[in-house]
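Novice: Here's a sequence, model it:
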Amino acid sequence: MNTKHNMALTAGLLALSLFLWELGVRVFEVPGYIFPPPSLVLKALWRGISSGLYLEHGAYTLAETFVGFVIAAVVGVLLGAVVATNKYVDYFLYPYIVMFQALPKVALAPLFALWFGLGMPSKIVSAATIAFFPLMINTIVGLRSADEDRVLLMQSLGATKTQVFWHLRLPNALPFVLAGMDIAIVLALIGAIVAEFVGAQAGLGTVIQQMNFNLDVSGQFSVLILLSVFGLLLSRVIVFIRRRVLFWDASEKSRNSQ
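Specialist: Below is the predicted model:
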């Protein structure tokens, strides 16, 4: 099935879902303040975009997401590489990292707001905190999944640990790292929104909170749709980068041939 057929099928399923949604709300006479029909949601979406409200706050949320993701990517990959290549760091530090990851991030968001204020820094920290762990774990798994026979072969030919890392372990880990980035970029968006719920000066999370106070359910749905589109676009950016970086990988070759 080619790309055009996939897009047509996706568009058809979306249209069918919206039709059934609208029909169900109309037939069962569900009040709009409980579950609005797509027509009202699309009107609210257009109203928010045309007024510039969603664009202004959406740009703020995307900035928090992007910066938090970059910080998580740098720290997660570097720390994952250290843990994967140093048994002492793995033994002493990794359990504490797992314990920190087990903490509910929603409970940490008020602390971040207290420590870093209600501006963008606390949202960036929240986004980075949530996105950090998948990147670190995927880096560790990727670096440790290198074929040990190849490692021994390179060492027998006089290769140093640094050469083995750059020429074997890191290329082998790239598919894992980029897969982690695909997950982390969406988690960073969630982290930013959660922090905005706690308290913020701008962002789509604050828009949802204001609409919740005003019982504007169709407006809340429209913001959720916009956030879903943001998540999809961010994920597609990572997929685009993955295809350009991993053109040599067997998984990408098989995916592109489908």
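Novice: Nearest residue to Val239 in space, ignoring adjacent ones along the chain?
Specialist: Asp182 (6.8 Å; Cβ to Cβ, 6 or more residues apart in numbering). In short, each C-beta sits where N, CA and C put it, glycine included.
Novice: Isn't the one you found up against Ile238?
Specialist: Yes - using Cβ atoms under 8 Å, Asp182 makes contact with Ile238 at a distance of 4.6 Å.
Novice: This structure: helices as residue ranges?
Specialist: Remark: helices assigned in the chain by DSSP state H are 3-27, 38-50, 53-85, 87-102, 105-116, 120-144, 148-156, 161-164, 170-198, 204-213, 217-245, 250-257.
Novice: other SSEs contacting the second one?
Specialist: Contacts defined by 3 or more Cβ pairs under 8 Å, 6 or more residues apart in numbering; DSSP states H and E place helix 38-50 against helix 3-27, helix 53-85, helix 217-245.
Novice: Can you tell me the closest non-neighbouring residue to Gly24?
Specialist: When the adjacent residues along the chain are set aside, Gly24 lies closest to Val30, with 7.6 Å between them (Cβ to Cβ, 6+ apart).
Novice: On the pLDDT front, check the one you found for me.
Specialist: Here, the pLDDT recorded for Val30 equals 82.
Novice: Please report the number of neighbouring residues for Gly68.
Specialist: Here the neighbour count serves as a burial measure; for Gly68 (other Cβ atoms under 10 Å) it reads 29.
Novice: Can you tell me how far the residue nearest to Val239 is from Thr65?
Specialist: 14 Å (Cβ to Cβ, to the nearest Å).
Novice: Can you pick out the residue with more neighbours from the two?
Specialist: Here Asp182 and Thr65 are compared on neighbour count by other Cβ under 10 Å; more neighbours surround Thr65, at 28 against 19.
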